[in-house]
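Novice: how would this look folded up:
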Amino acid sequence: MKFEPADIDSPAFIALMEEHRAAMQAASPLESQHALDLSGLKQPRVRVWVLREGDALLGCGALQHLDVNHVEVKAMRTARAHLRKGVAKAMLAHLLAEAHASGYARASIETGATDYFAPARNLYSAAGFVVCAPFADYTDDPNSCYMTRTL
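Specialist: Next up, the predicted model:
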């Protein structure tokens, strides 16, 4: 498996993000959907990586700069065909290493609070994230779970 900067305009990446948005739309009410769209992923404060094995796109993840010490993990997605193969765990480790190497002291994430998102919350907990109050521009939302950790 190989990490590389995402080609956000590639058909494979666009398809993965469409899969991501469709899943979020099915799992969360509109007011609780915080996934970045393609234009959001192209912003200068966002860095996006993909994980590949040969030509296969396994998954993606991103870091969004919040301030000089704080970064948000965004766009965590494993392609359906590659679920349960350690893709998300590998991507999260990569993102946290990138955040640490970039000098951030804290990483946070917003994920869903429903059962659908339990595997994601378990992944983040296993990586040292703990539940926290809403951060950045987020507000209290019964459908969201906010988590953070030091780097």
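Novice: Tell me how far the helix or strand of the chain with the lowest mean pLDDT lies from the chain's centre.
Specialist: Using mean pLDDT, DSSP states H and E, the weakest-scoring helix or strand in the chain turns out to be helix 11-27, at a mean of 82. Computed by CA atoms, centre = their mean, to the nearest Å, the chain-centroid distance of helix 11-27 equals 13 Å.
Novice: Give the buried residues for that helix.
Specialist: Residues of helix 11-27 classed as buried: Ala12, Phe13, Leu16, Met17, His20, Arg21, Met24 (neighbour count, 16 or more other CB atoms under 10 Å). Backbone N, C-alpha and C define where each C-beta goes, glycine included.
Novice: quick one: contacts for the residue nearest to the fourth one when sequence neighbours are not counted?
Specialist: Leaving aside its sequence neighbours, Met17 sits nearest to Leu38 (CB to CB, 6 or more residues apart in numbering; 6.2 Å). Contact analysis of Leu38 by CB atoms under 8 Å, 6 or more residues apart in numbering lists Ile8, Ile14, Met17.
Novice: How about Ile14?
Specialist: Ile8, Leu38.
Novice: ok, which stretches of this protein are strands?
Specialist: Taking DSSP state E, the strands of the chain run over residues 2-5, 46-53, 56-67, 70-78, 106-112, 130-131, 144-150.
Novice: can I get these in CSV with distance to Lys89, mean pLDDT and mean neighbour count?
Specialist: Listed next are these as CSV, based on distance: least, CB to CB, whole Å; pLDDT from 0 to 100; neighbours: other CB atoms under 10 Å:
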stretch, distance to Lys89, mean pLDDT, mean neighbour count
strand 2-5, 13, 97, 11
strand 46-53, 11, 97, 19
strand 56-67, 10, 97, 20
strand 70-78, 10, 95, 23
strand 106-112, 14, 95, 21
strand 130-131, 18, 98, 12
strand 144-150, 15, 97, 18
